[in-house]
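Participant: Dropping the sequence and predicted coords here.
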Amino acid sequence: MNAHLPPRTLPATSAGLQLRMLRRQADLSQLDLALITGMSQRHISCIETGRARPSPATLHALLMALEAPLEQCNNLFLAAGYAPRYGSLPLTSPSLEAIRSAIGHVLQANNPAPAIVLGSQWQVMAANASTAALFALLGLPANATDELNLLVTLLQPGGLGDHLLNADEIRSVAWQRASREALENPELATLLAGLPMPSGPASLANDAPPLVMTHIDSPEGQLSFLSTFTTFGMPLDITVASLRIEHLIPADPHTWQVMTQAYENSIRPST
């Protein structure tokens, strides 16, 4: 007789374990996640322990609340027995026309300050006219941003890093950021393995500014920039999620003046 057998439960799967790990990495309790998603704490507990199988919609809601990388979301969907949910369209795809248009608008609006679009391996996918003007000012080739990798040109000798007055500081920050990203990006990890590691952490001055600045040695004197990033909100495509636009905002009047003149010269029709 089977009358006294315990109720049948789903076998524990890696999907629940992965979800629990993501929740703990986000420093959220089950109750916290329940409040954010509108689900019951008991249901989340059942999912994590394998006693309940989440629907694709439930998984999506949980993963978006945990802000999990889309590649990791796909792995979790597979572990739960579903097809991967998030694609990776090429930036040239007709479906991403609105994305390309938005990028072009942001790049143009940033002039006369430099701005570049970076992909998941730090490859430069687009740049505005002021970036080309800055490279020309430094004596770098006019097409220096074509097929350029920002991480490579910062860390390898002979690149942009050689023009930085605070090269040790910027290289250390770039290495640390890329190393964190490489934990979930095998292609970036491979690239990083072939690059020289910075000699050590840069010293911190007693009167350090509130942000790490980029100080460039140029024929027009020192140029100082603040760095900010723009990303797309609520991406559901891996390519779109990986894109970020780095803005180099001049940090003083001299840098604004030099960049404004360099940009105007670059767009002035030749006679």
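Facilitator: On my side now, so go ahead.
Participant: How far away from the center of its chain is the top strand by length along the chain?
Facilitator: In the chain, taking DSSP state E as the definition, the longest strand is strand 221-230. Mean-position distance between strand 221-230 and its chain equals 18 Å (C-alpha atoms, centre = their mean, to the nearest Å).
Participant: Then stretch 81-92?
Facilitator: With C-alpha atoms, centre = their mean as the basis, stretch 81-92 stands 18 Å off its chain's centre.
Participant: Between the two ends of it, how far is it?
Facilitator: Start-to-end span of stretch 81-92 (C-alpha to C-alpha, to the nearest Å) is 31 Å.
Participant: Quick one: residues in contact with it.
Facilitator: Contact with stretch 81-92 is made by 13, 15, 53, 56, 59-60, 70-71, 73-74, 77-78, 95-96, 99-100, 125, 236-240, 243, as judged by C-beta atoms under 8 Å, 6 or more residues apart in numbering. All C-beta atoms are positioned from the backbone trio N, CA, C, and that covers glycine.
Participant: Swap in 6 Å and give it another go.
Facilitator: Pro56, Leu70, Cys73, Asn74, Phe77, Ser95, Leu96, Asp237, Ile238, Thr239 (C-beta atoms under 6 Å, 6 or more residues apart in numbering).
Participant: Which two among the residues you listed are spaced furthest apart?
Facilitator: Pro56 and Leu96 (23.5 Å; C-beta to C-beta).
Participant: ok, these two, which is more surrounded?
Facilitator: Leu96 (18 against 13; other C-beta atoms under 10 Å).
Participant: Chain neighbours aside, what residue packs nearest to that one?
Facilitator: Excluding the flanking residues, the one nearest Leu96 by C-beta to C-beta, 6 or more residues apart in numbering is Leu89, at 5.8 Å.
Participant: do the same with Tyr263
Facilitator: Pro112 (3.6 Å).
Participant: before we move on, the earlier item: out of the contacts of stretch 81-92, which end up buried?
Facilitator: Neighbour counting by 16 or more other C-beta atoms under 10 Å classes Leu70, Cys73, Asn74, Phe77, Leu96, Asp237, Ile238, Thr239 among the contacts of stretch 81-92 as buried.
Participant: hang on, Leu195 is in a helix, isn't it?
Facilitator: No: per DSSP: H, G, I helix; E, B strand; the rest coil, Leu195 lies outside any helix segment and is coil.
Participant: got a list of what it touches?
Facilitator: Listed by C-beta under 6 Å, 6+ apart, the contact set of Leu195 reads Leu155.
Participant: go with 8 Å
Facilitator: Here Leu195 is in contact with Leu151, Val152, Leu155, Gln156 (C-beta under 8 Å, 6+ apart).
Participant: ok, the residues you listed vs Gly139, which is closest?
Facilitator: Gln156 (17.1 Å).
Participant: Give me the secondary structure label for the residue nearest to Tyr263.
Facilitator: Applying three-state DSSP: Pro112 is coil.
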